[in-house]
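# Structure, please.
(one chain, ligands or ions: 2)
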Amino acid sequence: MSLISCANCGEDENLDGDRDGDIIEITCQKCGLVWERDLTPTCETCGTTDVRPAFQAIVDKSRGTQLSIQSMRLVHLCPNCQPDLLADYLASKSPLPPDELPFDPD
Ligand SMILES: [Zn+2]
Ligand SMILES: [Zn+2]
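Ligands and ions are numbered 1, 2, ... in the order given. Okay, the predicted model is just below:
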């Protein structure tokens, strides 16, 4: 068993594990980062394991009209399938936007 530690802040004690099938989802109690503790990260599309870690914002869905970043999730971007997204992420040095915005634009 390898030691688990938070990719964002390095915390290795105050971590919460939540099992969901084969996947264990870890939440860092210190900075709020969420990630899946699983096998080697793999691209679901092309199957490469040459993926790059990235942080994705998790926003609050319940508060007014202002979106606020609640915490972050560790995801992986594929250089083959998501080159633009990966390039944008590396250039912006800020978390990826969430997959789905909780509010409709209108
Ligand atoms: Zn952390
Ligand atoms: Zn891929």
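# Need the three-state assignment for His98.
For the record, residue 98 is Pro, not His. coil (DSSP: H, G, I helix; E, B strand; the rest coil).
# how many neighbours does it have?
Pro98 has 15 neighbours, counted by other Cβ atoms under 10 Å. C-betas here are computed from N, CA, C, even on glycine.
# Now for it: which residues touch it?
For Pro98, the contact set (Cβ atoms under 8 Å, 6 or more residues apart in numbering) comprises 56-59.
# from those residues, which is closest to ligand 1?
Proximity of the contacts of Pro98 to ligand 1 was ranked by Cβ to the ion; the top entry is Ile58 with 13.4 Å.
# Tell me the helix or strand right after the helix or strand hosting that closest one.
If you go by DSSP states H and E, Ile58 is part of strand 52-59. Moving toward the C-terminus from strand 52-59, the next helix or strand (DSSP H and E) is strand 69-77.
# could you check whether the strand holding Ile58 is close to ligand 2?
No: contact between strand 52-59 and ligand 2 is absent, the nearest approach being 11.0 Å (criterion: Cβ under 5 Å from the ion).
# change the start of the numbering to 711 and stick with it
Sure, I'll start counting at 711 from here, so that last one is strand 762-769.
# Could you look up the SS state of Lys740?
Under three-state DSSP, Lys740 comes out as coil.
# quick one: it and Ser715 touch, right?
No: the criterion here is Cβ atoms under 8 Å, and Lys740 misses it with Ser715 at 10.6 Å.
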